[in-house]
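Asker: Okay, sequence plus prediction incoming.
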Amino acid sequence: MESNPRAVDVCVIGAGPTGLMAANWLERLGVDAVVIDGKAGPTRESRALGVQARTMEIYAQLGVVDQVLAQAVPANELRPGVGRRSWSPVPLGQIGKGLTPYPGINILEQHANEQILADRLAAVGRPVRWNTRMTSLHQDGERVHVTVETPAGTTEAISARYVIAADGASSPTRGLLDIGFGGETNAKVFYVVDAQGVSGTGSGINVRLAGDDFLLTFPMSAPGQPKRVRLLGILRDVPGQVTGVEDEGSDQVTVDEARARSALEHDFGVTYDHSGWFATYRVHHRVAGAFQVGRVFLAGDAGHVHSPVGAQGMNTGLQDAHNIACKLADVLAGRMPQDFLQRYAAERHPVAEHLVSTTDRLFAAVTSSTPRARFIRERVMPLTWPVLVRLVPRGPLGRRMFGYVSQLRIHYWMTESARRHAASLRGLARRRSRDPVLGRRLPWIGATNPGEDNHIPLASATWQVHAYGPRAAAAGRRTAAHHALPLHSFGASPRRGLPDGTVVVVRPDGFVAVLEHAGRSAAR
């Protein structure tokens, strides 16, 4: 082992999408960081593929959104159905229009996201250290000492002020820290097929139900290209016991057996010519007991795993990375005290718990085999769905639902006292205690204020003050001078919760930390 370990500010363990996002943001914010991974390169085969609007905004802030858009396939509608029948599509792009520059969902496989992020790191001289595996880790209160095995088989020491562990669902780091990973594993075995020459699916994302089976499909090819679709479903009569997060299904099942054991063709009428790759897996719903131990932080699948319903998993990990990278940069630069890092777990752990809980319930509803659940899916929904599709997209409920799925409505309590007060409330009173602007990602005014885009200044990734409308001019100048922050002025946008006289302090991650309305301030 080297007598003089390499000293860095941050060591990122794991170069999946979460670790790569963290490393990119640390570099973007001027933090000396190294990212290591035992693999030879970016993942080639993966289940994650949906990129939500909030993640697209983060990509835009990082400066790589054009590369993402160039490779992604837009999925602007969702088509539910039963058996071989599809119901009226939900216009995702229409519902989200005006709320974000990136409405709808963009389909881009995990490995493509990884490659874009890894290429950026290489371009700025911070390439991933592939084939470099963490073998041990301990911390002494001041630094974290990481031992790694290099590609040459030698041992090397890295001394970091902080560690971000983004090393997956079976995280060795989580195990070394003795952090629990509570939850459960679904007993059913699921398959994923990268299928080509597909027939029987409609455009956009398809969700089909049949008895206690379900089929989820994602478009993987642009219009005019040979039809390539990602298929996810349930395998029937697969033997084997559920073990833990390392259990990925059954290696004994081939792609041909999967066709026979699934409802793909018989119940859903979906066929395909051949597959690029095939895998089986089990669905887990788990959250780590802690996201921070000393100077080590868990992010992505190391902290939470859940079902693919909603296409939330990769996005949540990418936003974990964005959050902790910005906080580490603030602390390392002396802008914030050390205890500011506790805000990471305070903000992101509830997001993970809520996500796992909601996806677990949705997944249970979709796959339930009870007579009541089947009656609702097969008899009630076909009658009510056409009415819902006509009414919901046009009203506030549709926009609210899009906000949840796209992760635009994520809320953080900006102070511990506000969080404790909210915890003392129940039901509707607790939900109403959350401000529509404070503690949320800055509302985008590009659609309500033609010619103005209040997200453009966020590319600087700095704390900043925004003033909305002429009544906010004087207060905006005072707030900016008081905090020694740049000031950006815009027209008022009452429809986005930013009426005339509004002043906000925006964090580097784009969340509103302080809100003032014509002399009244809040930091909840």
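Answerer: Done, it's in.

Asker: C-alpha only now, for contacts and for neighbours.
Answerer: OK.

Asker: where along the stretch 1-150 of the chain do the helices fall?
Answerer: 17-28, 53-62, 65-71, 92-96, 110-123 (DSSP state H, counting those that start in this stretch).

Asker: what does stretch 8-17 rub up against?
Answerer: Applying C-alpha atoms under 8 Å, 6 or more residues apart in numbering, the external contacts of stretch 8-17 come out as 19-20, 22-23, 31-38, 42-43, 110, 113-114, 117, 128, 134, 158-168, 314, 317-318, 332.

Asker: now, of the helices of the stretch 1-150 of the chain, which is deepest in the fold?
Answerer: Counting by mean count of other C-alpha atoms under 10 Å, helix 17-28 has the highest mean neighbour count of the helices of the stretch 1-150 of the chain, with a mean of 27.

Asker: Measure how it sits relative to helix 53-62, angle-wise.
Answerer: 30 degrees (axes from the mean of the first three to the mean of the last three C-alpha atoms, to 10 degrees).

Asker: got any ranges where the stretch 301-450 of the chain has weak pLDDT?
Answerer: Low-confidence segments of the stretch 301-450 of the chain (pLDDT under 70): 309-310, 360-369, 377, 389, 392-395, 421-424, 426-432.

Asker: Tell me which of the helices of the stretch 1-150 of the chain approaches Asp301 most closely.
Answerer: Nearest to Asp301, of all those, is helix 17-28, at 8.4 Å by C-alpha to C-alpha.

Asker: and the closest one, what's its mean pLDDT?
Answerer: When pLDDT is averaged along helix 17-28, the result is 98.

Asker: just checking, Glu516 touches Val504?
Answerer: Yes - taking contacts as C-alpha atoms under 8 Å, Glu516 lies within contact range of Val504: 6.2 Å.

Asker: These two: which is more packed in?
Answerer: Val504 (29 against 21; other C-alpha atoms under 10 Å).

Asker: give the contact list for the more buried one.
Answerer: Counting by C-alpha under 8 Å, 6+ apart, Val504 touches Val465, His466, Ala467, Val512, Ala513, Val514, Leu515, Glu516.

Asker: Not counting residues beside it along the chain, what's closest to the second one?
Answerer: Ranked by C-alpha to C-alpha, 6 or more residues apart in numbering and with sequence neighbours excluded, the top spatial neighbour of His466 is His488, at 4.8 Å.

Asker: So that neighbour: helix, strand or coil?
Answerer: For His488, the assignment made with DSSP: H, G, I helix; E, B strand; the rest coil gives strand.

Asker: Now do the contacts for it.
Answerer: Pro457, Gln464, Val465, His466, Ala467.

Asker: before we move on, the earlier item: among the contacts of Val504, which one is most surrounded by other residues?
Answerer: Ala467 (29 neighbours).

Asker: wait, Ser199 sits on Thr271?
Answerer: Yes - contact criterion C-alpha under 8 Å: Ser199 and Thr271 qualify, at 5.5 Å.

Asker: higher neighbour count, the two?
Answerer: Set side by side, Ser199 and Thr271 show more neighbours around Thr271, with 17 against 14, by other C-alpha under 10 Å.

Asker: Tell me how far the residue nearest to His466 lies from Asp9.
Answerer: Applying C-alpha to C-alpha, to the nearest Å, the value for His488 to Asp9 is 32 Å.

Asker: what's the answer for Thr155, then?
Answerer: Applying C-alpha to C-alpha to Thr155 and Asp9 gives a distance of 20 Å.

Asker: can you check Ile234 too?
Answerer: Distance from Ile234 to Asp9, by C-alpha to C-alpha: 45 Å.

Asker: more neighbours, the two?
Answerer: Neighbour count, other C-alpha under 10 Å: between Ile234 and Asp9, Ile234 has more, with 25 against 19.

Asker: Leaving out the residues flanking it, which one is nearest to the more buried one?
Answerer: In space, Ile234 is closest to Phe190, 4.4 Å off (C-alpha to C-alpha, 6+ apart).

Asker: hey, what's the one you found bridged with?
Answerer: For Phe190, the beta-bridge partners are Ile234, Tyr281 (DSSP bridges).

Asker: Quick one: residues in contact with the helix or strand harbouring Arg174.
Answerer: Here Arg174, judged by DSSP states H and E, is contained in helix 172-176. Residues from elsewhere that reach helix 172-176 (C-alpha under 8 Å, 6+ apart): Ser136, Leu137, Ala165, Asp167, Gly180, Leu298, Ala302.

Asker: could you redo the last one with a cut-off of 10 Å?
Answerer: If you take C-alpha atoms under 10 Å, 6 or more residues apart in numbering as the criterion, helix 172-176 is touched by 13, 134-138, 163-168, 178-181, 288-293, 296-298, 302-303.

Asker: Which residues belonging to it are considered buried?
Answerer: Within helix 172-176, the residues that count as buried by 16 or more other C-alpha atoms under 10 Å are Pro172, Thr173, Arg174.

Asker: Repeat that for stretch 480-490.
Answerer: In stretch 480-490, counting by 16+ other C-alpha under 10 Å, buried: Ala480, Pro486, Leu487, His488, Ser489, Phe490.

Asker: For the nearest residue to Tyr59 once chain neighbours are set aside, list the residues it contacts.
Answerer: Using C-alpha to C-alpha, 6+ apart and skipping residues adjacent in sequence, the residue nearest Tyr59 is Val65, 4.9 Å away. For Val65, the contacting residues are Thr55, Met56, Glu57, Ile58, Tyr59, Ile116, by C-alpha under 10 Å, 6+ apart.

Asker: Kindly recompute the last result at 8 Å.
Answerer: Neighbour list for Val65: Met56, Glu57, Tyr59 [criterion: C-alpha under 8 Å, 6+ apart].

Asker: wait, isn't the first one in contact with Gly104?
Answerer: If I follow you right, that is Met56. No - contact between Met56 and Gly104 fails when scored by C-alpha under 8 Å: they sit 10.5 Å apart.

Asker: before we move on, back to that, what is the nearest of the buried residues of stretch 480-490 to Pro5?
Answerer: Distances from Pro5 to the buried residues of stretch 480-490, taken by C-alpha to C-alpha, are shortest for Pro486, at 39.2 Å.

Asker: For that closest one, which non-adjacent residue is closest in space?
Answerer: In this structure, Pro486 finds its nearest non-sequential neighbour in Gln464, 5.2 Å apart by C-alpha to C-alpha, 6+ apart.

Asker: again, but for Arg495
Answerer: Thr448 is the one closest to Arg495 (C-alpha to C-alpha, 6+ apart), at 7.5 Å.

Asker: Ok, Ala210 next?
Answerer: The nearest residue in space to Ala210 (C-alpha to C-alpha, 6+ apart) is Gly83, at 5.0 Å.

Asker: what about the residue nearest to Ile234, distance to Val305?
Answerer: Note on Phe190: its distance to Val305, by C-alpha to C-alpha, is 15 Å.

Asker: for Pro371, same thing?
Answerer: For Pro371, the distance to Val305 - C-alpha to C-alpha - is 29 Å.

Asker: out of those two, which sits in the busier spot?
Answerer: Set side by side, Pro371 and Val305 show more neighbours around Val305, with 28 against 11, by other C-alpha under 10 Å.

Asker: Quickly list what the more buried one is bridged to.
Answerer: Arg286.

Asker: Pretty sure it sits against Ala299.
Answerer: No - at 10.8 Å, Val305 does not count as touching Ala299 under the criterion of C-alpha under 8 Å.

Asker: Quick check: which element contains the spatially most central residue of the chain?
Answerer: Note on the chain: the residue nearest the mean C-alpha position is Asn315, at 1.6 Å, using C-alpha atoms, centre = their mean. Taking DSSP H and E as the definition, one finds Asn315 inside helix 313-332.

Asker: Tell me the buried residues in that helix?
Answerer: 313-330, 332.

Asker: If anything else comes up later, I'll come back, but that's it for now.
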